[in-house]
Each structure stands twice: as structure tokens, then as C-alpha cells.
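Q: what follows is a protein structure lacking sequence information:
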């Protein structure tokens, strides 16, 4: 069973300045979607899906810096059990995002936050 990188997020304190930066530097396109200061990112034809969002803490007291990666999986419950069995920690229990799918955030033994999602455009 392999899992491909399906989505990335960039966290920013100044979302608008960061949006303008990536538009100018990499030619990315942004579409406001969902919560305030959240954008879907189009990196180019055939690129990985992306988002730009207000900086947050998945681990209390540790602000997200850099890219967040979310990997596509068939069964987030199975992955969550494997995380715990192999020394990881569940940061966010399974959450359903309407029209997107089921998401779990985990922390690997090295302290990295990683997302896993079962994508389902019919999710309610």
C-alpha cells in the first residue's frame, strides 16, 4: 500500500502578503474558499493541490512553519491504528470535511505533523 502526497498547505501570519509573494514569484493562482484567510492554490497544470492559510498550531505551543503535507490513503482509521502501534501520536481525530473526505493529523516519532486523508467528493 503506497500513499501519495495529495495536498500541501502553507501557513502564514500575513496571508495576503504571502499570497502576493507566490503569485509574483511562482505564478500561482489563489481562490478564496472556506474559512477567512483560506485560499485554494493552483500551482500549475497537473500540480499537487494546495492551500494558503492563517498560521496555526497542530501541536499545542508549536506554530506550524513551512509546508504541511497531506497524503491520500484508503482508510484513515487503519492508518490511525498503525500510527499508535508504531510510536506515533494522533494530533487530530478523524474529521469529515464536506465535499473533501475524512482527515486525520498525526505526529511521527520524530515530531513531524503529517495529514492523512481518505478523499471522497461525496462526503457530507
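A: The structure has been received and is ready for your questions. None of the values given here were measured: they were computed from a predicted structure. Numbering: from 1, shown residues only.
Q: where does residue 2 sit: helix, strand or coil?
A: With DSSP: H, G, I helix; E, B strand; the rest coil as the basis, residue 2 sits in coil.
Q: mind pulling up the pLDDT for it?
A: With respect to pLDDT, residue 2 scores 72.
Q: count the neighbours of residue 121 for me.
A: Neighbour count for residue 121, taken as other CB atoms under 10 Å: 8. All C-beta spots, glycine's among them, are computed from the backbone N, C-alpha and C.
Q: which residues does it contact?
A: Going by CB atoms under 8 Å, 6 or more residues apart in numbering, residue 121 touches 99-101.
Q: try it again with 10 Å
A: 98-101 (CB atoms under 10 Å, 6 or more residues apart in numbering).
Q: ok, now residue 124?
A: Here residue 124 is in contact with 96, 98-99 (CB under 10 Å, 6+ apart).
Q: what's the helix or strand for the residue nearest in space to the middle of the chain?
A: When CA atoms, centre = their mean is applied to the chain, the residue found nearest the centroid is residue 70 (4.7 Å). Remark: residue 70 resides in strand 67-72, with elements defined by DSSP states H and E.
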